[in-house]
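Participant: Below is the sequence, then the predicted model.
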Amino acid sequence: GAVVSQHPSWVICKSGTSVKIECRSLDFQATTMFWYRQFPKQSLMLMATSNEGSKATYEQGVEKDKFLINHASLTLSTLTVTSAHPEDSSFYICSYPSDRGKNEQFFGPGTRLTVL
Amino acid sequence: AQTVTQSQPEMSVQEAETVTLSCTYDTSESDYYLFWYKQPPSRQMILVIRQEAYKQQNATENRFSVNFQKAAKSFSLKISDSQLGDAAMYFCAYSRGQKLVFGQGTRLTINP
């Protein structure tokens, strides 16, 4: 399967600051990418679909101005959590859809964000 | 909207035994995909098995197999000869188009 990396893998920040998370596909290109959030002991919830060269599509209930997504290239997408608060503490996971069809997605290893 | 339900928050099995994880889903579509993903303590999501709805034959991958009942909208995962490395959270997921909808997950414990 494809290799997807995320950076950083773990970050702690102070309340009110912004944090950027990078997601890279290392061996293929994709025009679409997904960002998920996973709270402790819960499932993955889709936050937004990132589209290369255009605006991201956000799921209902996700604040666009708080979670800024930039799909800068076919191999890089970034998620910036702006003015982070403790309730934003979560595990953030990105994924790329497979180019083999069959609706498969390749997931990054995730980023754990802790806001103090 | 499509929903996926996993009614077993936790399951445990003795090593080398067989365990079945349950999943039901709701959709009005006839063509879609179903998946089981594994999330070990590392948190990396790993695809275990995939089922295409138009295929009647149940998917199998080595020790992993599914029981796909399309009319009942049921998609259970059977793990045979359970191994300690199978311990993880297991998520059932539905997909039509590119988006995935996940169930709540089942934590599987393997007892040595």
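Facilitator: Done, it's in.

Participant: Just the CA trace of the helix or strand hosting B:Q51, in PDB.
Facilitator: Assessed by DSSP states H and E, B:Q51 sits inside strand B:46-52. This file holds the C-alpha atoms of strand B:46-52, laid out as PDB (Å, rounded to 0.1, in the frame of the first residue of the first chain):
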ATOM      1  CA  ILE B  46      -4.600  -0.900   8.800                       C
ATOM      2  CA  LEU B  47      -7.000  -2.400   6.200                       C
ATOM      3  CA  VAL B  48      -7.900  -5.900   7.200                       C
ATOM      4  CA  ILE B  49     -10.500  -6.900   4.600                       C
ATOM      5  CA  ARG B  50     -12.700  -5.400   1.900                       C
ATOM      6  CA  GLN B  51     -16.100  -6.400   0.500                       C
ATOM      7  CA  GLU B  52     -17.700  -5.100  -2.600                       C
END
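
Participant: Next, see if that strand gets close to chain A.
Facilitator: Yes: counting by CB under 8 Å from any CB of the partner chain, chain A is contacted by strand B:46-52 at B:L47, B:R50, B:E52. For the C-beta atoms, the positions are set from N, CA and C on the backbone; glycine is no exception.

Participant: In space, what's closest to the first one - neighbours in sequence excluded?
Facilitator: By that I understand B:L47. Excluding the flanking residues, the one nearest B:L47 by CB to CB, 6 or more residues apart in numbering or on different chains is B:Y37, at 5.9 Å.

Participant: OK, contacts around residue 49?
Facilitator: Went with chain A since none was named. By CB atoms under 8 Å, 6 or more residues apart in numbering or on different chains, A:T49 lies in contact with A:T32, A:M33, A:F34, A:A56, A:T57, B:Q98, B:K99.

Participant: that's the wrong chain, I meant chain B
Facilitator: B:I49 neighbours (CB under 8 Å, 6+ apart): B:F35, B:W36, B:A59, B:T60, B:E61, B:F64, B:S65, B:V66, B:L77.
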